[in-house]
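[1] take this sequence and fold it.
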Amino acid sequence: MEATVVCVDNSEYTRNGDYAPTRFQAQADAVNLLAGAKTQHHPENTVGVMTMAGKTPQVLVTPTPELGKVLNAMQQMRIEGDVNLATAVQIAQLALKHRQNKNQRQRVVIFIGSPISEEKDALVKIAKKLKKNNVAVDIVSFGCEEENGEKLEAFHAAVNSNDNSHLVTVPPGTILSDMLFGTPIFMEEGAGGDGAGAGEGGAPAPRSNVVDGFDYGELGVDPTLDPELALALRVSMEEERARQAAAAAAAAQQAGGEGAGAEGEGAAAEQAPGGEAEAEGMAIDAMDEDALLQQALALSMQVEQPTPAPSSGPAPTPAAPRKAGGEAAAPTPAAPAAPAEDQAMADLEVDDPELALALQMSLAEAQQPPKEDEDKKE
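    Numbers count the residues shown, from 1 in each chain. This next block holds a predicted model:
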């Protein structure tokens, strides 16, 4: 995370139209894009804006994560006076010194589009002070690049520490914001190339689109300008790569397992008859169990409702009870009992012989003809 203060050149020289539409408007567009890139790169990054011309350099917005404040300040900025680079840089250093989050790195971005009035030695002295306080400085020179070249190069050489500062020179007739896209100023520290090559008249070093180990150059999108689109394209590409890798692994596994598949089919064919026989045996066992169950049910029905066998002779007549004088009573012929009654009597004789005898006597008396009928016969 980083705290950045952008020093904007709002001097009268920025009315020049060698950068479309004017130097000031081209500079304002580049500042807006830079602020957006800084705030999107890390949620705790902050950006402030200050002027370098007029009666005195003035801080319009202290370092803040709110992009709207920066854009509003650029809209309200007025063109006036001459630039005062030395004072502006020192004020920017003080603004960074009083930042809220002390863990943020400090950076000053200077847009200079007018002649510098300070001497080179004074600038070098300020640059060494910035380096001592761990303040990195990015310089964008446009409009007066030839006149300011020597001073700015000396300033950059004095402030640079482990390539944390950059100097970019943009020739006239170009779009300032487009030229800055290919420089390390719009990127995180250490991600880009050396900006001094552009100051010698060559094209800016190509920008590296590798962020978090992923190269967005293959997608043709700048992750700092549209991070949501870049993330969506990255996820889509990673899913497609994973799908292709899975398809290749499946094809290799299928090609290597063709022989094993044939052997498996043969083993399955050998095991199939045994399985069919086992199934048939289980079916037969189930049929046997059903048949046995039906037989047992039939036997139980026969036990509950037994069929009496036909008797070969007359039913036995129970012995008549003896009288008190010792004479036996005349036997009374009994009517043959029904098969069910015979079975009931047999059960009673086994369980209670006395009750069975009483029942037999009552049945015998009921079957005797009445005495009136006998008298009439006589």
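[2] so where's the protein shaky on pLDDT?
    Within the chain, the segments meeting pLDDT under 70 span 188-226, 258-289, 300-353, 355-356, 362, 365-378.
[3] all strands of it, in order?
    2-8, 46-51, 58-64, 105-112, 135-142, 166-170, 210-211, 214-215 (DSSP state E).
[4] those strands: which one's closest to Asn16?
    strand 135-142 (10.1 Å; CB to CB). Where C-beta positions appear, they are placed from N, C-alpha and C, glycine not excepted.
[5] what's the angle between that closest one and strand 105-112?
    Strand 135-142 and strand 105-112 are oriented at 20 degrees to each other (axes from the mean of the first three to the mean of the last three CA atoms, to 10 degrees).
[6] how about strand 135-142: buried residues?
    Val135, Ala136, Val137, Asp138, Ile139, Val140, Ser141, Phe142 (16 or more other CB atoms under 10 Å).
[7] will you turn these into a markdown table that also has distance to Ser165?
    Putting the buried residues of strand 135-142 into a markdown table (distance: CB to CB, whole Å) gives the following:
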| residue | distance to Ser165 |
| --- | --- |
| Val135 | 9 |
| Ala136 | 5 |
| Val137 | 5 |
| Asp138 | 6 |
| Ile139 | 8 |
| Val140 | 12 |
| Ser141 | 13 |
| Phe142 | 18 |
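[8] quick one: which of those residues is nearest to Glu150?
    Ser141 (11.2 Å).
[9] contacting residues for the closest one?
    By CB atoms under 8 Å, 6 or more residues apart in numbering, Ser141 lies in contact with Ile112, Gly113, Asn148, Gly149, Leu152, Leu167, Val168, Thr169, Val170, Gly199.
[10] reformat the residues you listed as JSON lines; add neighbour count and distance to Ala291.
    Formatted as JSON lines, these follow (neighbours: other CB atoms under 10 Å; distance: CB to CB, whole Å):
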{"residue": "Ile112", "neighbour count": "26", "distance to Ala291": "109"}
{"residue": "Gly113", "neighbour count": "28", "distance to Ala291": "109"}
{"residue": "Asn148", "neighbour count": "21", "distance to Ala291": "113"}
{"residue": "Gly149", "neighbour count": "15", "distance to Ala291": "113"}
{"residue": "Leu152", "neighbour count": "24", "distance to Ala291": "110"}
{"residue": "Leu167", "neighbour count": "26", "distance to Ala291": "104"}
{"residue": "Val168", "neighbour count": "23", "distance to Ala291": "101"}
{"residue": "Thr169", "neighbour count": "24", "distance to Ala291": "106"}
{"residue": "Val170", "neighbour count": "26", "distance to Ala291": "103"}
{"residue": "Gly199", "neighbour count": "21", "distance to Ala291": "106"}
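[11] and of those, the nearest to Leu359?
    Taking CB to CB as the measure, Leu359 sits nearest to Val168 out of those, at 133.4 Å.
[12] is that closest one bridged to anything, and to what?
    Beta bridges link Val168 to Val140, judged by DSSP bridges.
[13] Leu152 is in contact with that one, correct?
    No: assessed by CB atoms under 8 Å, Val168 is found out of contact with Leu152, at 10.1 Å.
[14] hmm, back to that, now the strands of the chain as JSON lines including distance to Gln253?
    Converted to JSON lines, the strands of the chain look like this (distance: least, CB to CB, whole Å):
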{"stretch": "strand 2-8", "distance to Gln253": "49"}
{"stretch": "strand 46-51", "distance to Gln253": "53"}
{"stretch": "strand 58-64", "distance to Gln253": "56"}
{"stretch": "strand 105-112", "distance to Gln253": "50"}
{"stretch": "strand 135-142", "distance to Gln253": "53"}
{"stretch": "strand 166-170", "distance to Gln253": "51"}
{"stretch": "strand 210-211", "distance to Gln253": "33"}
{"stretch": "strand 214-215", "distance to Gln253": "29"}
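[15] find the nearest non-adjacent residue to Ala158, please.
    Ala127 (3.6 Å; CB to CB, 6 or more residues apart in numbering).
[16] any idea how many residues pack against that neighbour?
    As a burial measure, Ala127 scores 21 neighbours (other CB atoms under 10 Å).
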